[in-house]
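Q: quick check, what structure comes out for this input:
(chains A, B, C and D)
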Protein chains: 2
Amino acid sequence: MKLSDAKLQFVASWGAFGTHWGINRTMAQIHALLLVSPEPLCADDIMEQLNISRGNANMNIRELIDWALVERVIVPGERKEFFAAEKDIWKVVRQIVKERKKRELDPMLKLLGQLSDVEGDRRDKEVKTFTETINNIKRVGEQADKTLETLIKADENWFLGSLMKIFKAG
Amino acid sequence: MKLSDAKLQFVASWGAFGTHWGINRTMAQIHALLLVSPEPLCADDIMEQLNISRGNANMNIRELIDWALVERVIVPGERKEFFAAEKDIWKVVRQIVKERKKRELDPMLKLLGQLSDVEGDRRDKEVKTFTETINNIKRVGEQADKTLETLIKADENWFLGSLMKIFKAG
DNA sequence: TTGAAGTTTCAAAATTTATTGAAAGTATAT
DNA sequence: ATATACTTTCAATAAATTTTGAAACTTCAA
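A: Predicted coordinates for the structure are as follows:
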């Protein structure tokens, strides 16, 4: 397969993949493009390669920077900004897990805590089912929270080495 | 907090949560509603409680059944269908992980396999960066694949017990 | 200063996704 | 058979999200 075709396909697929995970297609495509670029790209490069407008490029680049997946790079002798993606995929995964945990899991656990005691007779089937379900979700959520917290702090070697040996043994 | 308010809030939040994960809001809301209902509900119950049309209810219930998160229930003496959600949250998590792995991770790994050898000089910086990035993503993806496979097969006690002890010790 | 180069913003337009509701389809009881 | 109760489908519509592009803003060199 030719490099240019492979790149196109990677960018398109990464974009489609992103949409299944609540990430906007263009943002994922820009990320993919930067991941496979040896040199940092400027806004015009990105606009040209993905056929998108300046506004669109700008907004999605900023979002990627916000997620700490991309950083601004100063290129000596150039006035405009350049952008480069974090290339260490393990760091990328950890970063995404960290952000999504903060934005989604943490608020969900907070809510579940608030919902876990409702007024009313515990022998009432409605009350009982509600309380039990919420508490079960809370338990699993808290477990996930701990697991992800460990994963966020883990370094790759520890994760790929120790954890997997244990998993296989389990 | 009153049960009725707590239910409303849970349904609304579960719906919002779903949208961040590429799941349609109504589907997540129906799931939430069934999770906290002690008895199976029929299409009309769901339509009424969520203020949605029959077509919408029908399509999203079917989708939930497709994901094996909800099942049809025959209620003796009733002609219409009733629906109940799987209440074991650990099973729900495993089921979702299993489906998403099949639908998303597996195809992605297949693609990465195809992209991992491109034509051209390996000393070419473009070729080198592309190949290395794809292979790094592939490695992490394959690791995730194994981990999730183990998780899918694991039973709750094993997971909550052994795994977490190990994580804490790590 | 001024102007050239670059970046950001955001209302309007385009696109995508979700929802409706009525017609068509199915199953069941009589 | 046929009326009744219920489910499914899908074209039309509505809603939500994404994208555009031009104006406003910023920065910097001369």
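Q: please make it C-alpha for all contacts and neighbour counts, starting now.
A: OK.
Q: how near is the residue most central in space within chain A to A:Thr147?
A: In chain A, the residue lying closest to the centroid (Cα atoms, centre = their mean) is A:Ile96, at 3.0 Å. From A:Ile96 over to A:Thr147 the distance is 15 Å, taken as Cα to Cα, to the nearest Å.
Q: same deal with A:Pro76?
A: 43 Å.
Q: so for these two, which residue has more residues nearby?
A: The residue with more neighbours, out of A:Pro76 and A:Thr147, is A:Thr147; 16 against 6, by other Cα atoms under 10 Å in any protein chain shown.
Q: pLDDT at that one, what is it?
A: Looking at A:Thr147, its pLDDT reads 89.
Q: same check on A:Phe159?
A: So A:Phe159 comes in at 54 (pLDDT).
Q: next one: A:Gly22
A: So, for A:Gly22, pLDDT stands at 86.
Q: and the lengthiest helix in chain A, is it in reach of chain B?
A: Secondary structure assigned by DSSP state H gives helix A:125-153 as the longest helix of chain A. Yes - against chain B, helix A:125-153 shows contacts by Cα under 8 Å from any Cα of the partner chain at A:125-127, A:129-130, A:133, A:136-137, A:140, A:143, A:147, A:150.
Q: and stretch A:67-80, by the same measure?
A: No - among the residues of stretch A:67-80, none lie within reach of chain B under Cα under 8 Å from any Cα; the closest is 14.4 Å away.
Q: repeat that for stretch A:15-31.
A: Yes - using Cα under 8 Å from any Cα, we find that stretch A:15-31 touches chain B at A:17, A:19-22.
Q: drop anything exposed from these.
A: Buried members of these, scored by 16 or more other Cα atoms under 10 Å in any protein chain shown, are A:17, A:19-20.
Q: nearest to B:Asp121, of those residues?
A: Among these, A:Phe17 lies closest to B:Asp121 (Cα to Cα), at 29.2 Å.
Q: which residue packs closest to the closest one, ignoring adjacent ones?
A: B:Glu104 (7.2 Å; Cα to Cα, 6 or more residues apart in numbering or on different chains).
Q: wait, the one you found touches A:Gly18, no?
A: No - checked against Cα atoms under 8 Å, the pair B:Glu104 and A:Gly18 is beyond contact range at 10.1 Å.
Q: show me which of these two is the more surrounded one.
A: A:Gly18 (18 against 14).
Q: which residues are in contact with the helix or strand containing that one?
A: When elements are assigned from DSSP states H and E, A:Gly18 belongs to helix A:3-19. Outside helix A:3-19, the residues that touch it by Cα atoms under 8 Å, 6 or more residues apart in numbering or on different chains are A:24-30, A:32-33, A:36, B:22, B:104, B:108, B:115, B:118-120, B:127, B:130.
Q: no more questions from me, cheers.
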